[in-house]
Each structure stands twice: as C-alpha cells, then as structure tokens.
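Colleague: Any chance you could fold what I've pasted below:
(one chain, ligands or ions: 1)
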Amino acid sequence: MALALIATVALATACSRQAQPPEPRDASVLFVTLDTTRADHLSCYVDDAVTAGPRFRGDDRQQKPAFAERRYRGAKTPHLDALAARGVRFVRAIAQVPLTLPSHASMFTGTYPEVHQLRDMGGFTLDAKHLTLARMARSAGYTTAAFVGSKAVGRVFGLHQGFDTYDDQMPSREQQEGKLPGVFPERRAEVTTDRALEWLKQHARERFFLWVHYYDPHDPYDPPEPYKSNYRDDPYSGEIAYTDEQVGRLLKFFDEQNLRERTLVIVMGDHGEGLNDHGEATHGIFIYDDTMHVPLIVAGPGVPAGKVVNFQVRSIDLLPTVTEFLHLSPNPAAQGVSLWPLIERGQPLPGQGSNYAYIETLYPKTYMNWSELRGMRTDRWKFILAPKPELYDLERDPGEKENVLARHPAEADQLQKKIWEVTGPAAKDQKLTYAPVNKETRQELESLGYVSPGTPRELILNMSGPDPKDRVPTLLAMQKFGQLMKQGAFAQAARAIESAVKNDPTNPLAHLYLATAYEKMRDWRRAIATYRDAVEIRVATDEILSRLGKAYVRVHDLENAVRAMEEAGRMNPTDLDNFRNLGTAYLQLKRAPEAEKAFRAILIQDDRYAAAYNGLGLVAIERGDGDTARVNFEKALELDPDQYEAMLNLGVLYQRAGQKELALRYLRMFSEKAPRKDYGHLLPDVRAAIRELRTGT
Ligand SMILES: [Zn+2]
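Modeller: Numbering: from 1, shown residues only. Purely as a prediction, here's the structure:
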C-alpha cells in the first residue's frame, strides 16, 4: 500500500514538471476538403500573381505579364471568397501526394507517406497504429463525424478511424461493365451537405470535429444546372462553382446558429488537376504545381480577417494546427508544424518553418509500370527526382516550363539530400512492402477460410521504368480514349488506345482501358483476351483480374470467372464489389457456402454494404431458411432504399409464403422504382405476378 502511494506521488511530481496541456477547448472544428481543386481555380486566388508581389524582384516583375493580360480560367466562388475575407488565405499550400487517399492520410496523421504508408489508391490502407486527428479529438471528448463524397475515401481504407459517425454511403450503382477504371461511386455535394446538416442539427451544441469531403470536381465533370449551362465550356470549373455553393449552405448553418465564434473552419484541397498544362488531364502521374498546389483557407476564433500568407505550407501541417487550436496533446509522430504562428503573426517560428515540402507519387509505378516520382519544394525551388531529374525556379517560372537543373546543380543537390532526409537513405533498391488490409482484417478474413488474403506485396522503388514525362504520348492516347468513350465511339476508342498498348506493352492501365472499350462493344472475347494478355506478361493488377472474372461471367464461363475473382480477392480484399460479384457467381454455381464466405468478407470490412445482405438472403434461400433470408433482405433495403434486388426478393419471398399484401407492396415498389435500363427485362414477369396476386385476393 505504502509503496503504491509513493509511486503515485512520484509520478505526479514527474508530470507536474512538464507544462500541462490545458483542458481541451470548448470549441469545434469544421474541416472541409475540396477534392481535385486547383488553387488557381478559386476566384479568391485570382490575384496572386500580383499580391505575391514581394516575391518578385523589380526586374523580374517587368517580365511577368500583368494579371489583366492573363485569362482567368477558374470558377466564381463567392462563398469561399467570403470565408477567405474573414480569415486567412494561404497562397501556397502544397499537397504531399496528388492522390485522394494518401493526401488525406497526410492531413489526418500530420505525416509524410513514408510514415503513414497509405501511399497510393488501391492496395493500401491506413494501419490502426497511426494516431489520426479524429482519434485524438475523440479521446479528448469531442464528438467526431465525417460525411464523404466518394468511395475513394470509403471506410475500407482506414480513414474512418476515430470517427463516431462515418457516412460513406453512396447511391447504389449498377454493376455495369465498361466503367472506366479508377472511377469511384460518388454522390453530389448537395447530398453530402444535406447529411452533414442533418447531423449538425443534432450535435451543433456539442464540441465536435466534423469533416465534410466534396468529390464533385473530380473527373468525370458533370455539374448540375445552372452550373452546367454557365460553365458549358469548362465543366471542371462548373463543378468547383457548384461545390462552392454547397460550402456556402454548410457555412450558413454556422452563421444562423451563432456558431461562428466557436468554430474553426478549415477548407483545403487534397490535390489539383493537370488540365493538360504538362500533358496530364487529371492527376496522379506528375508532381507539378498543377496537381500539388491546393487552396487552404482558415477562419474562426483567433484568426485575423482578410490576411494572406505567402509562405509555403503543407497538408501535413493541418494536424498540428488543429491540435493546437483544440489544446490537444501534440502527436509526437507528426512531421508538420502548427500554422498558428503564420495565422497570428504572419511569420513562422524561427527554425520551424515549413519551407521544405516533400512530395511524391507512386501512381506511375503501380498503374503504369513507369518510374515513381519524388520531389522537394521550397518557396523558390522545385526539384523532381525522376530518371531525368528536373529543377524549376518557381519565382521566375511558376508554370514549371523550363528545367534549370544544369544552371543550378548545387540547389538540385541540396534538395535531393532533403528528399533522402524524409525517405531514408537512398538505398540502391528501395523495397516497399505493403498490404491492402491491416492485420486484424486479415485475421478475420482468414477465420472465414480465406488463404493468405491481402498478402503483403513488394514494390521496388528504384526509378526503374520509363520517365513519366517521356510517356506523354501514352497519356494523350488515354485522354483521346476517354473523350471517344464519352461520345460512345467505342471502336474508335479501342483503336486510339491500341497503339498505347503496343508501344507500352507492360502498362496495366492501358490494357484495362483497351478491354473496357471491348466490353462497351460487348466483345467479351476480345476483352478477355486483353485481360489475359496482361496476366500472361505478369502485369495483371487485382482490378484486371476482377474485371476478367466479370467478363467470364458474361460468356457463362463461371469456373474461370470465380478463379479470376478469387485471385483478385487474395491480392486486394478491399475491393468489395469484387467479393459481391464473386459471391453472385458462386450462387449461380450453387456453391452456397462459398457465396456466404464472399458476402461475409464484405461485411467484415463494411457492415453497411447493402448488397452483401441481399447476397446473404439468397444464400439463406438456397438453404431453405426463409426467416434468415427475409431479415437479410430487409436489412439490405433499410441500408439502401434503392436496393432494387432486395425489394424484388422480398416480394418473391412473401409471394411464396402466401402473404399477398406484403408481396404486393414490394413487387409494386420494385415495378415503380427499379430503373428500366437495368431491370426492364424483369418487369413483364413482375407485373404478371402483381396481376395474379390482385385477382387472387
Ligand atoms: Zn482527390
């Protein structure tokens, strides 16, 4: 007893010597991320070429075209402009990675990709060992919630950690062939805002950390009216303008509820969009400012109005900024710095500046078999480590058009050393081992009977493969392909991408594109041959295998279908749609136990995936267990009111059980709601069943 007491006292003394962080602050944080939003497409960023004046020495200024002479190509963003006017706008905020998931992981962990290890889309997940902002806020007593606009940040990738509420439910989509690779299910900003406002009505008076993610500016660009008409020639900017309107709706709530004084609002982009300034239409391949320079606006208590900060800042600085505001204990793993010295005084703390921004993309390697890219950016310089390295003087050449490496070898050398400080020493072969699921999920999948699910994979990062900038012709062919696909010119699209496959035969994405065109042409034989081609030369990704499986289903080769989809599931169990297709194929093969396993593999990772419950219902039907079937169909419909299959299945189940009223209710619901283009072929039978039930009563 006495010993224990002494220990307690000693501990207390040890603690009191350190500065105690004050109590968590009685305030809230609204964090909004704008997907795919270039800083220079917000109207409050228009004048930067002029307001950044001090950066340009007198003689340089002469050479710079006056702003008025340049054409503004962006959106009108009155709400974000107003937010900037009552807060601080960061002129040069830099994302760490030009990809949604890794970029958000850097914001939420305050670390570079080398630390959080969520380094690309597909195949990577955020391990539970990382302390995220949401987890920190929740343990300090804040209510946490997230409303996201796309499955690109779905809970399977681990960003949901620490959120009490994580709303990543997207409208159910048809399982159609011919979807372009890399397109995630998304929902309009309006829906995300509605959901967030609904939540706010319940929780506005609490202390909270709320994340709202808008995906609309991401390709494909399809803004609603009036933005569709107003931005007919520039639908990308139309999406940004539309998103701005929705941010405005969200902020209005805070004003109406008098929450402005207790809420820190942070708006940040996760990456930009290439828009062909360097041969890339979208993002992920290059690390030029087109895709790395993002908007960042901070407003709220303690934030001066109308201030503009010219110093470079980074997405890893977000976490330390929020933890300081909320008085949370700092996250010792964080590599970013708090932006409060910049917000309050316009100057970084001595020695603590964020002037070095490490940037990288592995996407060229993982999707194209090209060299990965790394870079280091300062206020003045950008160094890109590539097979042919590049150096840009951003003061003279903000468009990064002229590689001045030969003229400034010392600068390049110093920045390259800075890269190795972040990534670890330049090993001959940087071997990256990564797994698409964390240990817990892997164990749960194994307990279902899956052998080596999501086995860690290896990636060699030694700049092998072509330099992405030498492959711009492939990128242009892919763009041409995309345009033709949108126009429905599938055969032409296939021709446009065939040459890319020929010239770049180990490129997995080019194979995927070509096969996608064949699928649209309903030429399953050639689609299968194209996928198999990638398998044979050993560049098949899990996406290629899952699509190969679907194509085999089309030609009724179910044995080969399940083989391909099983392999895809082993490689990447986070592809839940693949498990759904696999489960459905098993059901067709009357292999109910394996079908059940596939649907359960989905629910382990996302227990709100409606179609998996529909699948489990069908498994129960196979077993003659109508009660379990009904419960599962109902659950599917409850999670997703547009789960048409569950609707129909409930109708049929009640019909078989002789419960006419209930059977009629669900069959009618199905015949009224189910989209004709997907379910039209079932309607005559459904209507006949309805007639029969009506005349029978
Ligand atoms: Zn994104």
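
Colleague: Verify the stated contact: Tyr654 with Leu648.
Modeller: No. Look at Tyr654 against Leu648 with C-beta atoms under 8 Å: they stay out of range, at 11.1 Å. In this view, the C-beta of every residue, glycine as well, is placed from N, C-alpha and C.

Colleague: Find residues that contact each of these two.
Modeller: Shared contacts of Tyr654 and Leu648, defined by C-beta atoms under 8 Å, 6 or more residues apart in numbering, are found at Tyr666.

Colleague: Can you tell me the number of residues neighbouring Val183?
Modeller: 13 (other C-beta atoms under 10 Å).

Colleague: ugh, wrong one, Lys673
Modeller: When neighbours are defined as other C-beta under 10 Å, Lys673 has 12 of them.

Colleague: and this structure, which of its residues are near the ion?
Modeller: For the chain, the contact set with the ion under C-beta under 5 Å from the ion comprises 35, 100, 270.

Colleague: From Arg380, how far off is the second one?
Modeller: Remark: distance between Thr100 and Arg380 (C-beta to C-beta, to the nearest Å) = 29 Å.

Colleague: the more surrounded of those two?
Modeller: Between Thr100 and Arg380, counted using other C-beta under 10 Å, Thr100 has the larger neighbour count: 27 against 14.

Colleague: thinking again about what came up before, could you dump the residues of the chain next to the ion into a markdown table and include pLDDT and secondary structure?
Modeller: Formatted as a markdown table, those follow (pLDDT from 0 to 100; DSSP: H, G, I helix; E, B strand; the rest coil):
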| residue | pLDDT | secondary structure |
| --- | --- | --- |
| Asp35 | 98 | coil |
| Thr100 | 97 | helix |
| Asp270 | 98 | coil |
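
Colleague: And those, which is closest to the ion?
Modeller: Nearest to the ion among these: Thr100, at 3.0 Å, using C-beta to the ion.

Colleague: and Leu264, that's in a strand?
Modeller: Yes. Leu264: assigned to a strand according to DSSP: H, G, I helix; E, B strand; the rest coil.

Colleague: and it, what does it touch?
Modeller: Leu264 neighbours (C-beta under 8 Å, 6+ apart): 27-30, 298-301, 303, 322, 325.

Colleague: can we see that at 6 Å?
Modeller: With contact taken as C-beta atoms under 6 Å, 6 or more residues apart in numbering, Leu264 is in contact with 29, 300, 325.

Colleague: so can I have a markdown table of those showing neighbour count, pLDDT and secondary structure?
Modeller: Below are these laid out as a markdown table (neighbours: other C-beta atoms under 10 Å; pLDDT from 0 to 100; DSSP: H, G, I helix; E, B strand; the rest coil):
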| residue | neighbour count | pLDDT | secondary structure |
| --- | --- | --- | --- |
| Val29 | 23 | 98 | strand |
| Gly300 | 24 | 97 | coil |
| Phe325 | 22 | 97 | helix |
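
Colleague: mind checking pLDDT for Ser354?
Modeller: Looking at Ser354, its pLDDT reads 70.

Colleague: And what about it, helix, strand or coil?
Modeller: What three-state DSSP gives for Ser354 is coil.

Colleague: Lys431 - how many residues pack around it?
Modeller: Using other C-beta under 10 Å, Lys431 has 11 neighbouring residues.

Colleague: Quick check on it: phi, psi?
Modeller: Main-chain torsions, Lys431, degrees, to the nearest 10: phi -100, psi 120.

Colleague: Pro113 against His104, yeah?
Modeller: No. Using C-beta atoms under 6 Å, Pro113 is not in contact with His104; the gap is 11.3 Å.

Colleague: Report the secondary structure element holding the residue lying closest to Ala595 once chain neighbours are set aside.
Modeller: With C-beta to C-beta, 6 or more residues apart in numbering as the criterion, Ala595 has its nearest non-adjacent residue at 3.7 Å, and that residue is Tyr586. Using DSSP states H and E, Tyr586 falls within helix 576-588.

Colleague: pLDDT (mean, whole number) over that helix?
Modeller: Here the average pLDDT along helix 576-588 is 96.

Colleague: Counting by contacts, list what it packs against.
Modeller: For helix 576-588, the packing partners by 3 or more C-beta pairs under 6 Å, 6 or more residues apart in numbering; DSSP states H and E come out as helix 542-554, helix 558-571, helix 592-605, helix 610-622.

Colleague: which SS class is Val267?
Modeller: Put simply, Val267 is strand when judged by three-state DSSP.

Colleague: rewinding a little: could you give the number of residues near the residue nearest to Ala595?
Modeller: Residues within reach of Tyr586, counting by other C-beta under 10 Å, total 25.

Colleague: And for the one 5 residues further on?
Modeller: In terms of burial, Arg591 registers 17 neighbours under the definition other C-beta under 10 Å.

Colleague: got it, and the one 5 residues further on?
Modeller: By the other C-beta under 10 Å criterion, the neighbourhood of Glu596 contains 21 residues.

Colleague: I'd guessed it sits against Leu618; true?
Modeller: No. Glu596 lies out of contact with Leu618 (C-beta under 6 Å); the separation is 9.7 Å.

Colleague: Closest one of the residues of the chain next to the ion to Gln202?
Modeller: For the residues of the chain next to the ion, the residue nearest Gln202 by C-beta to C-beta is Asp35; the value is 26.0 Å.

Colleague: For that closest one, give me its contacts.
Modeller: 215, 217-218, 270.

Colleague: So Lys635 lies in a helix, does it not?
Modeller: Yes. Assignment of Lys635 by three-state DSSP places it within a helix.

Colleague: Contact partners for it?
Modeller: By C-beta under 6 Å, 6+ apart, Lys635 lies in contact with Tyr613.

Colleague: And it, how far from Met463?
Modeller: From Lys635 to Met463 the distance is 49 Å (C-beta to C-beta).
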